[in-house]
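Enquirer: structure, please.
(one chain, ligands or ions: 1)
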Amino acid sequence: EVVVLDYGGQYSQLIARRVRELGVYSELLPHHVGAEEVRRRKPKGLILSGGPASVYAPGAPALDPELLELGIPVLGICYGMQLITLALGGRVEGAEIGEFGRSELTVREPGRLLADLPREQKCWMSHRDTVYEAPPGFTALASSTASPVAALENVERDIYGIQYHPEVVHTPFGHEVLQRFLLDICGCDGTWSAASIVEDQIARIRAQVGTGKVVCGLSGGVDSSVAALLVHRAIGEQLTCVFVDHGLMRKNEGEQVISAFRDRFQIPLVAVDAEERFLTKLKGVTEPEAKRKAIGAEFIRVFEEEAAKIGDANYLVQGTLYSDVIESGGGTGAATIKSHHNVGGLPDDLQFELVEPLRALFKDEVRAVGAELGLDERLVWRQPFPGPGLAIRIVGGEATKDRLDLLRDADYIFQDEIRKAGLYRDLWQSFCVLPDVRTVGVQGDERTYGAVVVLRAVTSDDAMTADWARLPYDLLEQIASRMINELRDVNRVVLDITSKPPGTIEWE
Ligand code: XMP
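Expert: This next block holds a predicted model:
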């Protein structure tokens, strides 16, 4: 394992991912955890990330000097290198001119870190403070247009630094530098992979639950599906999955989940058809937050009832991901834009001990594990779908059975065309929204007064920000004409061209 300490840089998560892509397990920890915590994890190396502050700014995150005495190799990137330089007696100063974006790196003395790499290379920079002199005992390895010292090392002390960002794609030899550090310098073996995660997690799950009974709330999304499969692989029939069909799913989705788990993997699965219950709760509810709360509360009620029937289960599987862990750790009382409901968000007071086999993984790693476990590719690559389902895509009105069915049919056509066009995986999400408005049309010489379907398709990396997808015009035309021809009530199709921010991805 390698620890990445996060000094607040915008690329910190990316560093952790790049390390993992090189087959080395990495964890991103906040910079203030201190040397003791790092030592406890027994990592083979330590990376100090970049950060937005100046090392001289009041309150700027400081370096715990003990971190350089752990007896493991240390690599400072950008702010991380400046911290090392300052701590060990080199010279860091604020420069008049910053260095942002592409820059030319000249390797003057390759040393250990930059050995066998081209003398001249491009790299990506993003800094204002600059290292002018390496600390005593260090070798300055490279310079760039604006940085007299753009890389440095002290092989005896096993401390290295680079001013540029090896983790971004715009640094062509960044991969090689990270590889050099991790495999050659830290001595990592680079064999961490989806298969090794599976083995490791199976052992952990067995150790945690012993012969206990376990329940898992299955939504059909990739996280809860992979979590359930892993747990089933570990403890077999001690696991029961509960799938609450709230009637707000997409077309055929319920059947797909049931057949994937019950038929294909023979996992004990309780499928609850709770459509009626949810529709009753949604009667007359139009306000978005009220809708979300009604669905969330009913979901917990149904789940609790079913879990109670299973009897003496002490453990609950949750598909919590690493990004959820990082985000909730860094939460600083941000405004509630929407109250999220999802299967993974069952409340703690359900009186279960949690089993969270995906807690250390990023989404793409979860997909890799899913594929390794033989999960259908349709489920492995499923786009995110909100816990409250289609109900929050019926906007400004009540989610009735009729409207849900109409939305389901429109959504089916949209998905079908997106898949046929080979775009499904490129889009973060593609779905329809049904606003509570009618518009006038003319069809077959007759006046119509029909429903409007909104197409919403976005690209995104993490749903925090998103851009509206530039779908080809011909495809849009094909989708619109299919919807209007095949769906009797629809006479108009419109495209949402709002990014996030200012819009959110969903309309409610
Ligand atoms: P917004 O609309 O806030 O959505 O930009 C960001 C991402 O979260 C999904 N989403 C939800 N997921 N429960 C979920 O599990 C929810 O209540 C919920 N609301 C929104 C949304 O689809 C998008 O991917």
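Enquirer: got a list of what residue 453 touches?
Expert: 410, 432, 433, 434, 483, 487, 490, 492, 493, 494 (CB atoms under 8 Å, 6 or more residues apart in numbering). In short, each C-beta sits where N, CA and C put it, glycine included.
Enquirer: now list the buried members of these.
Expert: Neighbour-count burial (16 or more other CB atoms under 10 Å) is assigned, among those, to 410, 432, 433, 434, 483, 487, 490, 492, 493.
Enquirer: the residue in the stretch 51-200 of the chain that the ligand sits nearest to: which element?
Expert: Residue nearest to the ligand within the stretch 51-200 of the chain: residue 197 (23.2 Å; CB to the nearest ligand atom). Element membership for residue 197, per DSSP states H and E: helix 194-209.
Enquirer: how about residues contacting that helix?
Expert: 230-231, 233-235, 238, 314-315, 353, 355, 357, 360-361, 365, 368-369, 371-373.
Enquirer: run a quick neighbour tally on residue 104.
Expert: Neighbourhood size, residue 104 [other CB atoms under 10 Å]: 13.
Enquirer: so it lies in a strand, does it not?
Expert: Yes. Using DSSP: H, G, I helix; E, B strand; the rest coil, the secondary structure at residue 104 is a strand.
Enquirer: could I get the contacts of residue 453 as a markdown table with secondary structure?
Expert: Output for those, formatted as a markdown table (three-state DSSP):
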| residue | secondary structure |
| --- | --- |
| 410 | helix |
| 432 | strand |
| 433 | strand |
| 434 | strand |
| 483 | helix |
| 487 | coil |
| 490 | strand |
| 492 | strand |
| 493 | strand |
| 494 | strand |
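Enquirer: now, the contacts of helix 194-209 that are in helices?
Expert: 230, 231, 233, 234, 235, 365, 368, 369, 371, 372 (DSSP state H).
Enquirer: please pick the buried ones from the residues you listed.
Expert: Here, 16+ other CB under 10 Å leaves 230, 231, 233, 234, 235, 365, 368, 369, 372 buried among those.
Enquirer: coming back round to it: just the buried ones among the contacts of residue 453 now: which is nearest the ligand?
Expert: Looking across the buried ones among the contacts of residue 453 and measuring by CB to the nearest ligand atom, the closest to the ligand is residue 433, at 11.0 Å.
Enquirer: the closest one contacts residue 456, doesn't it?
Expert: Yes. Using CB atoms under 8 Å, residue 433 is in contact with residue 456, at 5.7 Å.
Enquirer: intersection of neighbour lists for those two?
Expert: Residues touching both residue 433 and residue 456 (CB under 8 Å, 6+ apart): 496, 507.
Enquirer: what's the local residue count around residue 352?
Expert: Quick note: residue 352 (other CB under 10 Å) scores 17 neighbours.
Enquirer: can you pull out the strands in the stretch 301-450 of the chain?
Expert: 313-317, 353-355, 394-395, 429-435, 438-443, 446-459 (DSSP state E, counting those that start in this stretch).
Enquirer: what residues does the fourth one touch?
Expert: So that's strand 429-435. Contacts of strand 429-435 (CB under 8 Å, 6+ apart): 383-384, 393-397, 403, 406-407, 410-411, 414-415, 418, 423-424, 451-458, 460, 469, 496, 505, 507.
Enquirer: filter those down to the ones close to the ligand.
Expert: 384, 505 (CB under 6 Å from any ligand atom).
Enquirer: select only the buried ones of the contacts of strand 429-435 in PyMOL?
Expert: The following PyMOL line selects those of the contacts of strand 429-435 that are buried, judged by 16+ other CB under 10 Å:
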select buried, resi 383+393+394+395+403+406+407+410+411+414+415+418+423+451+452+453+454+455+456+457+458+460+469+496+505+507
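Enquirer: report the contact partners of residue 455.
Expert: Applying CB under 8 Å, 6+ apart, the residues contacting residue 455 are 414, 430, 432, 471, 476, 479, 493, 494, 495, 496.
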